[in-house]
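S.K.: using only what follows, build the 3D model:
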Amino acid sequence: MSDTRDFPCSCKAEIDGLPYFLRMCDKIRMYAAGELHADYHNNMGRAMDLWTCQLLQVEYADLVKYIIETGADDRAALDWCYANGVKPESPVLEWWLSHIRNCGYRDVLSERLEMRKAEAGLGHRDDITTFFDFMDVEEGY
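M.R.: Have a look, this model is predicted:
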């Protein structure tokens, strides 16, 4: 990744106790403005974007349309999700939080995390144990 551009906010930034949602909204806005680096394009609406929308029970494309057409800020976008999907509660919320925060740690994505670390020259970093850690280190957070 290049040092000469801005990144979406940290995946660890939270709104209503939900990590990643703010990052997803940043990516949507940056993409629409032509400011999102091509490295991010393939995963738009996939992986953590998809899992976040599945938790909220909204379609990613509908959320994108709402944010772009209305210029919704993060709070309005989340409120839209709650109104058009669900506001997740225990135990589903706790399971999802554990999964999203620990993705890549001794799970089916561990090998992929190690591959991504090696590609980024971070293979020696034992402190990077999750994809959240990896994204933050790679982007300088």
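S.K.: residue 69 and residue 28, how far apart?
M.R.: Going from residue 69 to residue 28 by C-beta to C-beta, to the nearest Å gives 12 Å. For the C-beta atoms, the positions are set from N, CA and C on the backbone; glycine is no exception.
S.K.: which of those two has more neighbours?
M.R.: Taking other C-beta atoms under 10 Å, residue 69 and residue 28 do not tie; residue 28 has more neighbours (24 against 8).
S.K.: how much space between the more buried one and residue 126?
M.R.: Between residue 28 and residue 126 the distance is 33 Å, computed by C-beta to C-beta.
S.K.: torsion angles phi and psi at residue 124?
M.R.: With angles defined as degrees, to the nearest 10, residue 124 sits at phi -80, psi -10.
S.K.: all helices for this protein, in order.
M.R.: Remark: helices assigned in the chain by DSSP state H are 21-32, 47-56, 60-70, 74-84, 92-102, 110-119, 131-139.
S.K.: mind listing what's buried in the fourth one?
M.R.: Of the residues in helix 74-84, 74, 77-78, 80-81 count as buried by neighbour count, 16 or more other C-beta atoms under 10 Å.
S.K.: also the first one?
M.R.: For helix 21-32, burial by neighbour count (16+ other C-beta under 10 Å) applies to 21-31.
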